[in-house]
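**Student:** would you be able to build a 3D model of this:
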Amino acid sequence: MKSSRAVFEVLREISKADVPLGAAEIARLLSLPITTAARALNTLEAAGYVARYHSSAKFVLGKSGQRLAYAFMANFPIRDLALPYLQQLTLLSGNSSSLFTRLGWYSVRIALIAGTSSIINVGAVGEARPLTIGAPSLAMLAQLSEEDATRALQRNPVTAQQQLREVCARIRKRGYACEVSSMESGGYDLAFPLCDPTRSILGCIALEGLASGADKSQIEQARQVISPLQDILAHGASTLAPHYEHIDPDEIDLG
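**Tutor:** Down below sits the predicted model:
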């Protein structure tokens, strides 16, 4: 791996990690020589993109890295509009709630309000996952045009494609997705799509870490909180579309 690419790969690992990371851990995660990982960390530390955690040999995102993350989030105008609804959802349910948006063939968490009742440790802001995995991803996949859905699914085996199409059909009928969490600690996630006046997908709001499959009262409570935002977006301006819409999804690799 070229040294310049290694620096960016190391920064990505630091930014998505839930705990501080050291050179040895990063070397293992990226299959790099430990000397390469150490040099990349030194470069990032000098530029302010990572910082030492409590003066140790482990690193977290630095001030420059945080500014970079905030600048990225600012490219999604829907985030500021959705935050009050996330706060209300978490306050009422006790569970963590997140806003996801679609970036290429991935869903990306761009806001998180942590709850006290979730039975899982939800991922960090900036977490990306394929558009075919988990309730937030599937809630958005189900709203894509037939052409875009076919392109998103073509990376999967034919049998899996058919299963995913059936799942998406159920989501469109119900108006929400409820799936076992993609996090290792289990639980269920409940996700509602957010669309603009043309029915193009803007993102989704997810209630995460439910102890069991969402019951009718949980679904109705979440729907009552989220439906006003869905109405605003469905009759609002198209300026809430993310600034990355013009990029061919096949050109975006967040794997």
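**Student:** what is the burial count for residue 32?
**Tutor:** 19 (other C-beta atoms under 10 Å). C-beta here means a position set from N, CA and C on the backbone, and glycine is covered the same way.
**Student:** just the buried positions in the top strand by length along the chain, please.
**Tutor:** If you go by DSSP state E, the chain has its longest strand at strand 201-210. Across strand 201-210, burial judged by 16 or more other C-beta atoms under 10 Å covers 201, 202, 203, 204, 205, 206, 207, 208, 209, 210.
**Student:** so what's the first one closest to, chain neighbours aside?
**Tutor:** This means residue 201. residue 143 (4.3 Å; C-beta to C-beta, 6 or more residues apart in numbering).
**Student:** show me what contacts the one you found?
**Tutor:** By C-beta atoms under 8 Å, 6 or more residues apart in numbering, residue 143 lies in contact with 172, 193, 195, 199, 200, 201.
**Student:** next, it: phi, psi?
**Tutor:** Note on residue 143: its backbone torsions stand at phi -100, psi 0 [degrees, to the nearest 10].
**Student:** quick one: it and residue 25, what's the gap?
**Tutor:** 38 Å (C-beta to C-beta, to the nearest Å).
**Student:** what sits against residue 24?
**Tutor:** 34, 37.
**Student:** just the CA trace of the helix or strand containing it, in CSV.
**Tutor:** Under the criterion of DSSP states H and E, residue 24 resides in helix 23-30. This file holds the C-alpha atoms of helix 23-30, laid out as CSV (Å, rounded to 0.1, in the frame of the first residue of the first chain):
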residue,chain,number,x,y,z
ALA,A,23,-0.1,1.3,15.9
ALA,A,24,-0.1,-2.5,16.5
GLU,A,25,-4.0,-2.6,16.3
ILE,A,26,-4.1,-0.5,13.2
ALA,A,27,-1.4,-2.6,11.6
ARG,A,28,-3.4,-5.7,12.3
LEU,A,29,-6.7,-4.2,11.0
LEU,A,30,-5.1,-2.9,7.8
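**Student:** average pLDDT across that helix?
**Tutor:** Averaged over helix 23-30, pLDDT sits at 93.
**Student:** just checking, next helix/strand downstream of it?
**Tutor:** Taking DSSP H and E, what comes next after helix 23-30 is helix 34-47.
**Student:** the helix or strand following that next one packs against which elements?
**Tutor:** Beyond helix 34-47 in the direction of the C-terminus, DSSP H and E gives the next helix or strand as strand 50-52. Contact partners of strand 50-52 among helices and strands, from 3 or more C-beta pairs under 8 Å, 6 or more residues apart in numbering; DSSP states H and E: helix 34-47, strand 59-61.
**Student:** where do the helices sit along the stretch 151-255 of the chain?
**Tutor:** 158-174, 216-234 (DSSP state H, counting those that start in this stretch).
**Student:** just the CA trace of the host helix or strand of residue 86, in PDB.
**Tutor:** In this structure, residue 86 sits in helix 78-93 according to DSSP H and E. Taking Å, rounded to 0.1, in the frame of the first residue of the first chain, the C-alpha atoms of helix 78-93 are listed here in PDB:
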ATOM      1  CA  ILE A  78     -31.400  17.300   6.500                       C
ATOM      2  CA  ARG A  79     -29.200  16.700   9.600                       C
ATOM      3  CA  ASP A  80     -30.100  19.900  11.400                       C
ATOM      4  CA  LEU A  81     -33.800  19.500  10.500                       C
ATOM      5  CA  ALA A  82     -33.900  16.000  11.900                       C
ATOM      6  CA  LEU A  83     -32.000  16.500  15.200                       C
ATOM      7  CA  PRO A  84     -35.000  17.700  17.200                       C
ATOM      8  CA  TYR A  85     -37.000  14.600  16.100                       C
ATOM      9  CA  LEU A  86     -34.100  12.300  17.100                       C
ATOM     10  CA  GLN A  87     -34.000  14.000  20.500                       C
ATOM     11  CA  GLN A  88     -37.700  13.500  21.000                       C
ATOM     12  CA  LEU A  89     -37.600   9.900  19.900                       C
ATOM     13  CA  THR A  90     -34.800   9.000  22.300                       C
ATOM     14  CA  LEU A  91     -36.500  11.000  25.200                       C
ATOM     15  CA  LEU A  92     -39.800   9.100  24.800                       C
ATOM     16  CA  SER A  93     -38.300   5.600  24.100                       C
END
